[in-house]
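Visitor: coordinates only, sequence not included:
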C-alpha cells in the first residue's frame, strides 16, 4: 500500500528558512519515504519573491516563446520546461509580489535530500513539484521540476508482460505521477507544502541522487509540438523574408518592409508599434495580431499600442 | 491520509466477465473509495480484443491525424483523446491480438459504479485509466479516459489563498492525478488492474456520476497544439492550392498536380504512391516524406511504396 500524508503545521516560509529542519520537526520520516515539496516554498526560502513586474521576470525566465494567444504566453524556460508565463506565480504570496521557479530545482532537491539525511538520519527521495497545463486536456496537473533519490522515468524496455510480449516503449514518468499524487493529499488552499509519499516500490527509488527531473525534459528539437500550430505556420511562412533581412544591419527595417507589404496600418517608434484604432475595434484587434505575428516571425520583442482616439 | 491499495488476486479477464463482481470479491470497498481500473481490462471484458491488423483498427479509431514522425502516428480519437496509435495496445494481451480503447469509457465508468453499488452496497467513484505520452516531457503518465462519481476537473476559480489573492486559473485535473497515482501502486508488470484510492477529500468526489472524463478533453479548435508543428505548416502552406481543388471532382488530380509542381518523382496507382528508389535511399526516404506531406495537406489517405530495385 502507498500512503500520501500531507504534513500539517508548516507556517509561512521566509527567505533563509531551513526547509529540511521545518519538515523533520513536523513529520516522522522513515527510509524509503519520498518527500514532495511545492516549488513555491523552495523559491520563497531562496528569497526569489520579488516586487518586479511579471513581464520583466518573464523575459528573464524565457528561453523562447512556444505559443501565444491573447494575454497568455506559453514559453520554454531556461530549465527546458514548457509552461504558461514560465511558471511565474502570484498566488500564495504577498500581494504585489511574484515568484519565479527555483533556478536549479534538481540541485535544490539534492541539497534538501542531503540535509534531511543529516538532520533525521533517513534516506528519502525528494520531488519538487509545480503545476502546469497540458496540451489537449483541460485542467492542470502537478509535475516534477526537480527530484533526487527518485527514478524520474522508469524503463520497462526489454521487460515482458505476462504473455511474453516485450514492453518496448513503456516508460512511466514516475516523478511526475508522484507530484500529481501528492496534490491529491495536500489541496491547493490548505497551506500544506509538504506531502510524504510512503510505501513506494523500491524499484521507483534510487540510492544515489539520480539524473533528476532534467531527465523528464524532452530535448529541444525532439518534440513534435515545439511550437504552437499558429506560431509554426508564421515562423515557416516568414522564414524566407526573414532570412533576407538577417544580414541587414537593422531588423527593424525588415519589420517595417514586411508590415508595409502586408499593408498593416501602423507606425513604429523603436520597439513600440502604434496602431490607429479607426472606427472598427475588431479590425484594430486583428491588425494588432498581424503585427504580433510578423514580430514573432522576426523574433523581435515589441510593444503594441492601439490608439484610444477614433480616427487619429 | 490518502491510501493507494492495489488489488491482488484478479486473474485474466475474458469477454463477458463481470468486473464489478471480480473486484468486490477481491476487495472490501467502503463509501468514498475511488476505484481505478485499467482501460485494457474494460476493453477485454467488452470483447474488443481483435486479431485484425493494427492499421485497420487505427483507421477506425482515428478522427484525424495530429502529427506523424517515422512510424509513429499521434491521432485524435473519436473520444477526443490525442494519443499515439489511438491508444491501441498489444501488451498484456495474447500474441497476435490488439486492443482498442473502450468505445464509451464514461458510460463504462457509470455502469461499473452502479454495478458495484448493487453488489456491495457502497458509493464509490470510478476512474478508467490509460497510459499516454505528453508533449514536451519524456515518459508517459496514466490519465482518466472515463470516470463517474469523481470531480474530473476541480475549480478553484474565485476562491482565495491565504493572502487573499484570487486563484483564477487553478483547475486541478483531479481524475488524471488519481489515474497517475494509481499506477504508482499497481506497477506495469504486476497484473493488478484495480487500485482502490481511499481517503480522498469529499470535495474531489461527486454524489452523482458527474460530467465524466469528457470534461478533461479540450474542445477541438481550442488547443494551441492541435497539430504538430510540421503538420500545421504543411496544412497552411498548401491550404490555398488545396482549396483550389476541393471543388474538383477528383482530389487525386489535385494531388498529382501538386506532386508534379513540387517535382516529386513518383507514380500514383489509386491510393498507392510508388517512389523509385534510384540509387539514393536517403533521397527516396525524403521523397516519401514529401509525398506524405502533400497527401496530409489534402487529407488523402495513401499508401507509400518505395521500389526495391535500384533504378527500377
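Guide: Arrived safely. Keep in mind that what you see is a predicted model, and the values were worked out from it rather than measured.
Visitor: which residues touch whichever residue of the stretch 1-150 of chain A sits closest to chain B?
Guide: Nearest residue of the stretch 1-150 of chain A to chain B: residue A:139, at 3.2 Å (Cβ to the nearest Cβ). Placement of C-beta: from N, CA and C, glycine included. By Cβ atoms under 8 Å, 6 or more residues apart in numbering or on different chains, the contact set of residue A:139 is A:133, B:152, B:153, B:154, B:171, B:172, B:173, B:174, B:176, B:216.
Visitor: mind redoing it with 7 Å?
Guide: Counting by Cβ atoms under 7 Å, 6 or more residues apart in numbering or on different chains, residue A:139 touches B:153, B:171, B:172, B:173, B:216.
Visitor: where are the low-confidence patches of the stretch 51-200 of chain A?
Guide: A:69-71, A:157-169, A:188-190 (pLDDT under 70).
Visitor: how about stretch A:22-34: buried residues?
Guide: For stretch A:22-34, the neighbour count (16 or more other Cβ atoms under 10 Å in any protein chain shown) marks A:22, A:23, A:24, A:27, A:29, A:32, A:33, A:34 as buried.
Visitor: close to chain B, is stretch A:87-107?
Guide: Yes. Against chain B, stretch A:87-107 shows contacts by Cβ under 7 Å from any Cβ of the partner chain at A:90, A:91, A:92, A:93, A:94, A:95.
Visitor: Regarding the closest residue to residue A:63 other than its chain neighbours, what are the backbone dihedral angles?
Guide: Spatial nearest neighbour of residue A:63, excluding adjacent residues (Cβ to Cβ, 6 or more residues apart in numbering or on different chains): residue A:76 at 4.7 Å. Reported as degrees, to the nearest 10, the phi and psi values for residue A:76 are phi -90, psi 120.
Visitor: mind listing what residue A:76 touches?
Guide: A:63, A:64, A:66, A:82.
Visitor: just the residues you listed now: which is nearest residue A:4?
Guide: Nearest to residue A:4 among those, counting by Cβ to Cβ, is residue A:82 at 26.9 Å.
Visitor: Quick check: next helix or strand after the helix or strand containing residue A:21?
Guide: Element membership for residue A:21 (DSSP states H and E) is helix A:19-26. Using DSSP H and E, the helix or strand that directly follows helix A:19-26 along the chain is strand A:34-38.
Visitor: Just checking: what are the partner strands of that following strand?
Guide: strand A:125-133 (parallel), strand A:194-198 (antiparallel) (DSSP bridges).
Visitor: The longest one: which residues count as buried?
Guide: Yep, that's strand A:125-133 we're talking about. Those would be A:125, A:126, A:127, A:128, A:129, A:130, A:131, A:132, A:133, for strand A:125-133 by 16+ other Cβ under 10 Å.
Visitor: I figured the fourth one was touching residue A:142, is that so?
Guide: What that stands for is residue A:128. No. Residue A:128 is beyond contact range of residue A:142, at 10.3 Å (criterion: Cβ atoms under 7 Å).
Visitor: got the contact list for the helix or strand harbouring residue A:145?
Guide: Secondary structure from DSSP H and E places residue A:145 in strand A:140-148. When contacts are defined by Cβ under 7 Å, 6+ apart, strand A:140-148 is touched by residues A:39, A:79, A:81, A:101-102, A:105-106, A:108-110, A:113, A:125-134, A:152, A:175-176, A:178-180, A:182-183, A:209-210, A:212-213, A:216, B:171-173, B:176-177.
Visitor: Tell me who's in contact with residue A:4.
Guide: Residue A:4 neighbours (Cβ under 7 Å, 6+ apart): A:181, A:182, A:184, A:185, A:195, A:197, B:1, B:2.
Visitor: does it count as helix, strand or coil?
Guide: strand (DSSP: H, G, I helix; E, B strand; the rest coil).
Visitor: beta partners for it?
Guide: Under the criterion used (DSSP bridges), residue A:4 bridges to residue A:197, residue B:2.
Visitor: Please verify my assumption that residue A:48 contacts residue A:101.
Guide: No. In this structure residue A:48 lies outside contact range of residue A:101 using Cβ under 7 Å: 8.3 Å.
Visitor: These two: which is more packed in?
Guide: A direct count of neighbours by other Cβ atoms under 10 Å in any protein chain shown for residue A:48 and residue A:101 places residue A:101 higher, at 25 against 19.
Visitor: Selecting buried members of the contacts of residue A:4 in ChimeraX, what would you type?
Guide: A single ChimeraX command is used to select the members of the contacts of residue A:4 judged buried by 16+ other Cβ under 10 Å:
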select /A:181,182,184,185,195,197 /B:2
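Visitor: can you list the domains in chain A?
Guide: Chain A breaks down into these domains under automatic domain parsing: A:3-48+A:102-216, A:248-307.
Visitor: Residue A:211 reaches residue A:153, doesn't it?
Guide: No. Assessed by Cβ under 7 Å, residue A:211 is found out of contact with residue A:153, at 8.6 Å.
Visitor: Between the two, which has more neighbouring residues?
Guide: Under the criterion of other Cβ under 10 Å, the comparison of residue A:211 against residue A:153 puts residue A:153 first, with 18 against 15.
Visitor: Now that one: closest residue in space that isn't a chain neighbour?
Guide: Per Cβ to Cβ, 6+ apart, closest to residue A:153 is residue B:139, 4.0 Å.
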